[in-house]
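# Model the structure of this input:
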Amino acid sequence: MIDPIRIALPSKGHLYEGAVDLLKAAGYKVRRASDRQYEATIGGHPRFHVVFMRPTDIVIQVQEGRCHLGVTGMDVFAEHQAEATDAVVVEPDLGYGGCRLVVAVPESWIDVTHMLDLVDLTTEFKAAGKAFRVSTKYGTLTQAHFRRWGIYHYQIIHSEGALELHPTLEIADIIVDLTSSGTTLKDNRLREIEGGKVLDSAACLIGHAPTLRELVAEGDTGPLALLLDGLDGVRASDGQLLLEVAGGPEEGHQAAAVAAYLAQHGAQHVVRGEVWDERGRSCWRVTALVAAGRLTSYQRELMKLGARRVVGLPTRFLFDAEGPPSTFDRLREHLAPHPSR
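Numbers count the residues shown, from 1 in each chain. Prediction:
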């Protein structure tokens, strides 16, 4: 039996904050005394042991089996994937930290709008005896993307610093870096070019495959299954409200009208049934799942249709038998031995 089950989390930043919040929502509160403490426990789950480190180190430690699970950026994992043969992606998108890795050029390069323009430009640089310099901390991903576009004449400048300054300081001609809204690029007089998206990234959960096979073998009630099911339930419920609409007494046609209205306006899992009020009179109730931001746009029309009460309850967990397979089931299938054909 794997004990403790070691989970590696980023030591700081938005990847750390998002991971801790997600785990807490799933019932796995990380107990860390201070941000200088690099080990922690999870209340009520003694088999789990948490360690904190850089996102790049998380990939390495999971690959080597010192950590069994880890939260990192998909960009970081993809950059080191070739060496991480024993590390697998358990969940590619944990629902936060979304961004993309892009090729960005100076705004003043008005004739460079597409990756194909870089083919010509790098050829011109080579003919003039100059190196076309690309600053990035994602050398492997950059080389693979440039190769797909037939770009071979350039020099990678590896850097962990503020890459947006590199064209201005003449450290590099262009950069390949992460962006979410594009605001930082624009503020530094850079812009993304067409065909320049290298990768979509988000916070992801990775694991050490040999260890995961042992944990999967503990079954549906084992600690790995319970953790992954908890994360699934929290993520599925994000932004959803359980809507309860009640009316009556009697007037069953009102329930049908309410249910039809909700179904027509994007509500899911619309169910109607009979209930009784405090005086024992037959009344009706309709329940549904709705996007939290749409409840106020529903309530007036629901009242017009006969509702006496409209309640929106926050959902902490959501499990749907008709939804996609659970993360645990997908992982179990992925790790299962498949006979060669």
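# can you give me the end-to-end distance of stretch 180-197?
From its first residue to its last, stretch 180-197 covers 12 Å (CA to CA, to the nearest Å).
# Do I have it right that Lys24 meets Val30?
Yes. Using CB atoms under 8 Å, Lys24 makes contact with Val30 at a distance of 7.1 Å. Backbone N, C-alpha and C define where each C-beta goes, glycine included.
# Pick out whichever of those two has more residues nearby.
Using other CB atoms under 10 Å as the criterion, Lys24 and Val30 rank with Val30 on top: 19 against 14.
# Phi and psi next, for that one.
Recorded main-chain torsions at Val30 are phi -80, psi 130, according to degrees, to the nearest 10.
# which residues touch it?
Contacts for Val30 (CB atoms under 8 Å, 6 or more residues apart in numbering) come out as Leu9, Val20, Leu23, Lys24, Ala40, Thr41, Ile42, Val50.
# Who does Val176 form a beta bridge with?
Residues in a beta bridge with Val176, per DSSP bridges, are Val103.
# That one is in contact with Ile193, isn't it?
No. Val176 is beyond contact range of Ile193, at 10.9 Å (criterion: CB under 8 Å).
# count of residues packed around Ala267?
Around Ala267 there are 20 residues (other CB under 10 Å).
# on that earlier part again, looking at the contacts of Val30, which are in helices?
Among the contacts of Val30, the members falling in helices (DSSP state H) are Val20, Leu23, Lys24.
# Relative to Val88, which of those is nearest.
Distance to Val88 across these (CB to CB) is lowest for Leu23, with 19.9 Å.
# what does the strand or helix carrying Arg191 contact?
In this assignment (DSSP states H and E), Arg191 forms part of strand 190-201. Residues from elsewhere that reach strand 190-201, judged by CB under 8 Å, 6+ apart: 73-75, 78, 97-107, 112-118, 138, 141-142, 145, 149, 164, 167, 175-176, 178-179, 182, 185.
# just stretch 43-58 next, same as before
Against stretch 43-58 from outside (CB under 8 Å, 6+ apart): 2-11, 15-16, 27-32, 37-42, 61, 67, 70-73, 76, 80, 206, 223, 227.
# Stretch 313-320 too?
Identification of contacts with stretch 313-320 by CB under 8 Å, 6+ apart yields 25, 229-230, 232-234, 236-237, 240-244, 269, 289, 292.
# so how far does it reach from one end to the other?
Distance between the two ends of stretch 313-320: 18 Å, counting by CA to CA.
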